[in-house]
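>>> Show me the folded form of this:
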Amino acid sequence: MAKKGLDHPQAQTADELELEKLTADVKEMEAKEGIEPKKRKKRSGNPKVRWRKRDDRGLLVYERRKPKSDQSGKEVPSTSASASKPQEAVASESTAEAVGIEQDFEDTDAQQVLDAQLTELQAALDCCDISEHRRTASYDWALRQQLSEDRWQEARSKLLDSLLASGAVHHGRCEHCHLKEAVIRCKDCLPKARFCGSCDITLHRTLVLHNRETLLNGFYKPIPPSTAVNDDGGRNILYEQACLLPITHPDRICDCYPQALSVSAARPVVLISVNGRYDLFLPSVVCKTCLSSWRPEVEDLSISGYWPGTLGFQTIFHLDLFQSFEDLKISAPGLSREAFVKLLKHRSQQFGRSGIICGDTFQKSFLEWTYCRHEKEKLYGIDHFSCPACTPDTVAVSADGNRKLYRFNKTKGAGDQPFFDGVFLASDQDVATFVDDVRHKIKPAQGKGVCGTSTWAAARETSKKTNIKCDEEGVEVQWGGKNQAGAGTTLGEEVEQVNSYMSRVALTTKYMSKSARVDMITLHARGWNERKKENLHKYLSRRYLKTVQRKKVVQEDIEALKNTTGRSDEELRQWVIDVKQWAVDTPDDLRTDDSVGLQHLIEGLFLGIQQKKKELYRVADRNKRRNRMRRRIAEDKKKLSEAISHYNDLAASTDAFDSVEDLLATDSPIWPWHCDHNTTLGLKKRVFDQVMLLDRLTEEETILVVEMKQHWNSLLKICRALKDQATVLSDDLGVHSYPSGLLHQAYHGLHSAVLEHLEKLKTDLVVVKETSKYGGMSG
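Numbering: from 1, shown residues only. Alright, predicted model coming up:
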């Protein structure tokens, strides 16, 4: 091998190089010890095969040679003493290995020596278990959680110390003038939060909404904005001052010099924000020269971010408060107005303020703001009660829902008209017209409960019970939603989500007046629709991808059924027709003399029982639902027993059944009236379900493509309309013409709102295009 490597150096492998190195090391050791290497004997034509012994790890076990002895029988010391010692110190391991190789090199093939070295290397690598090092936090969620919990536990004592230290009193100079002692700490003036009395008055004269604390009796006490601190010889003296409402005011109110204007406190006003109640004063600007004066109006409040709670401005609300309340109501419909008002009161007390917050005033002002916002959105074409994807061709409409008859007569209110009358809920006039139309076409049954001027039982017109088919499988085949052409896979999941959401809304609206209840329910519906429209492109793309993937799986299942049964597509379609015909021919009553109808009924009841047994623990996740399914199974067994008994009376003795238990003991019973026992109704029903599912998925795929296209076209249409409207508004502003009856500043505001919404819509178009393109390409 070495010679071959010398003749062809490029063909030399890594194993050959390693073998050459080992051979050279052995020869060098022999030369140092004065041992002349023995010449290897030429092998004969028939080489002798020697089997080497290996241990349980696959390592070579070298045989220990018998010690040599002289003629007297005494042992002659071996040339390598290390061979007789199985274990040596770490320092002599390399020497012992070299000597062992030297002793057996003559009898061991070079390739075997190399194999031994490679095997020992592999064993050395395997003996070190590095599986624990592979368990990194990047791939193991449980390990990440454990490490996070350990770090939090380690830092807990330090966090406690920091929490206690945050309340420690700091004695030092004012961080603004650096002259006087700091007596005020402001939580909103970071990083320089410590003030002396003079610097605090100077800075917080305009920043009256900051939360401040003063050093008093060895701790920091929260104080309202109207409280100031004076340092009187080391004693902090508290006194009251007039704080003005932060609001924009004009630089000039007359032709006099601006230096002649003075700002003073007018009458008191209560401001409610997310931090609670503030007792402030409205500002008044007076000219000292001509005695002209200015006081804020509604327009000034709105520009500054406020909304009047009363028309006299005794109470005003911050607009951020209304937005926060609406977001909380949409996210948590069970949150009541009173609970939110209590939260505001608690925030006020936490920062050293006090006073009453009226819930009725808050609700009235909030509804006024939402209605004005609704009218503003109507001016530039925003409609939250129409779907841009399926309008006007809605796939499914469901009026299902829980309508509980609360005691609305006790909460009539003052007869106020709702702001959103007819926007979401139908108006009283429309409902009255509809009820009159129903009453003229359907004669109501007397003697039932009376609600108003019409006769109703619960929430439906009184009617007699109708006969229900004994075979639920047949009813499901004929009227089940998944078997209706054109329905797609729309089975009402979102309708149930909406009903659950609105049920939580009912917890807080059932005790409201009628007008407030209509307005609040409309706001919740608007919030639900707005949130859905913002994510509609993602929702449609996800549904499309899932539909395409599921369709492929169903197609594979149908192909597997074709291969298993050996049937063609035409035969499978015929089976579908047979199942539909079986559902039609199944009788409604057990007491029938039609033996063929009883056969269909027995097969349907058997399939229904088998299906419910399979879904007992696979679908039902609660004991209440499982008990209901067990009760239905028992009822179906009773019906099946009666049907079999009646069939045995009509059929011949050869076609009679023994018992229900024997029938249900088999998954695929052999029906005596079937000629082809390999083609049972259960097999046909299985094919029917798969074919119907494939048809619905194909319809759903088409529906989703149409909805994504309509959604895109709807956004484009709105975008074009906003562009045209912005152009018209800009032209009107250029010639100072305001045809809509709005004031000059209001017309400017409408133009700005249209441009803002147009910019947002352009951004949405880019996102919708990328999402829909990705969904279509992935599909």
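>>> For the residue lying closest to F419 once chain neighbours are set aside, give its distance to S284.
With sequence-adjacent residues excluded and distances taken as CB to CB, 6 or more residues apart in numbering, F419 is closest to Y371, at 4.0 Å. Placement of C-beta: from N, CA and C, glycine included. Going from Y371 to S284 by CB to CB, to the nearest Å gives 31 Å.
>>> Same question for V183.
Applying CB to CB, the value for V183 to S284 is 31 Å.
>>> what about those two, which has more around it?
Between V183 and S284, counting by other CB atoms under 10 Å, V183 is the more crowded of the two (20 against 17).
>>> Show the residue spans covered by the strands in the stretch 401-550 of the chain.
Assigned strands in the stretch 401-550 of the chain, in chain order: 450-451, 454-455 (criterion: DSSP state E, counting those that start in this stretch).
>>> The stretch 201-350 of the chain now?
For the stretch 201-350 of the chain, applying DSSP E, counting those that start in this stretch gives strands covering 212-216, 219-223, 227-232, 235-240, 261-273, 276-287, 293-294, 306-308, 315-318.
>>> Minimum distance to D731: which of the ones you listed has it?
strand 306-308 (31.7 Å; CB to CB).
>>> who touches the helix or strand containing the residue nearest to F419?
Following DSSP states H and E, the helix or strand that holds Y371 is helix 359-379. Contacts to helix 359-379, defined as CB atoms under 8 Å, 6 or more residues apart in numbering, come from residues 272, 307-310, 315, 317, 319, 322, 325-326, 337-338, 341, 384, 419-420, 423, 516, 519, 523, 740, 750, 753.
>>> Restricted to helices, list those residues.
If you go by DSSP state H, those have 319, 322, 325-326, 337-338, 341, 516, 519, 523, 750, 753 in helices.
>>> Of all pairs in those residues, which one is the farthest apart?
E338 and L750, at 36.4 Å, using CB to CB across the ones in helices among the contacts of helix 359-379.
>>> higher neighbour count, these two?
Ranked by neighbour count (other CB under 10 Å), E338 and L750 place L750 first, with 21 against 11.
>>> close enough to count as contact, that one and G381?
No: L750 lies out of contact with G381 (CB atoms under 8 Å); the separation is 12.0 Å.
>>> of all the ones in helices among the contacts of helix 359-379, which comes closest to V169?
V341 (34.5 Å).
>>> Surely the closest one and I357 touch.
Yes: the criterion here is CB under 8 Å, and V341 meets it with I357 at 5.3 Å.
>>> Give me the number of neighbouring residues for F420.
F420, neighbours per other CB under 10 Å, totals 21.
>>> Quick check: which element contains S138?
Assigned by DSSP H and E, S138 belongs to no helix or strand.
>>> returning to that earlier point: nearest to D437, of the ones in helices among the contacts of helix 359-379?
Using CB to CB, the ones in helices among the contacts of helix 359-379 come closest to D437 at D519, 27.3 Å.
>>> So the closest one sits against G422, correct?
No: the pair D519 / G422 is not scored as a contact, 11.9 Å apart, by CB under 8 Å.
>>> Between those two, point out the one with more neighbours.
Comparing D519 with G422 by other CB under 10 Å, the one with more neighbours is D519, at 26 against 13.
>>> what sits against the more buried one?
Here D519 is in contact with 367, 370-371, 418-420 (CB under 8 Å, 6+ apart).
>>> which two from those end up farthest apart in space?
Counting by CB to CB, the most remote pair of those is T370 and P418, 11.5 Å apart.
>>> okay, these two: which has more neighbours?
Between T370 and P418, counting by other CB under 10 Å, P418 is the more crowded of the two (22 against 18).
>>> Could you count how many residues lie near the closest residue to L693 other than its chain neighbours?
Nearest in space to L693, with sequence neighbours left out and distances taken as CB to CB, 6+ apart, is V554 at 5.4 Å. The local packing of V554 (other CB under 10 Å) involves 18 other residues.
>>> could you list every residue that touches V554?
Going by CB under 8 Å, 6+ apart, V554 touches 690, 693-694, 697.
>>> How much space separates the nearest residue to D430 once chain neighbours are set aside from R517?
Among residues not flanking D430 along the chain, G422 sits closest, at 7.0 Å (CB to CB, 6+ apart). From G422 over to R517 the distance is 15 Å, taken as CB to CB.
>>> Buried ones among the contacts of helix 359-379?
272, 307-309, 315, 317, 322, 325-326, 337, 341, 384, 419-420, 423, 516, 519, 523, 750 (16 or more other CB atoms under 10 Å).
>>> And what about A634, helix, strand or coil?
helix (DSSP: H, G, I helix; E, B strand; the rest coil).
>>> longest helix of this protein?
helix 681-734.
>>> Per-residue confidence, the closest residue to V768 other than its chain neighbours, what does it come out as?
Of all residues not flanking V768 in the chain, H537 sits nearest, at 4.3 Å (CB to CB, 6+ apart). pLDDT recorded at H537 is 90.
>>> how many neighbours does H537 have?
When neighbours are defined as other CB under 10 Å, H537 has 23 of them.
>>> And for D161?
10.
>>> Average pLDDT for stretch 577-592, rounded please.
Regarding stretch 577-592, the rounded mean pLDDT is 70.
>>> What of stretch 230-250?
Stretch 230-250 comes out at a mean pLDDT of 85.
>>> And the helices in the stretch 351-500 of the chain?
Taking DSSP state H, counting those that start in this stretch as the test, the helices found in the stretch 351-500 of the chain are 359-379, 428-441, 472-479, 493-509.
>>> Turn the ones you listed into TSV, columns for mean pLDDT.
Shown next, in TSV, are those (pLDDT from 0 to 100):
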stretch	mean pLDDT
helix 359-379	93
helix 428-441	84
helix 472-479	63
helix 493-509	81
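>>> for those helices, which one sits closest to G682?
helix 472-479 (10.6 Å).
>>> List the buried residues in stretch 561-578.
Going by neighbour count (16+ other CB under 10 Å), the buried part of stretch 561-578 is 561, 567, 572, 575-576, 578.
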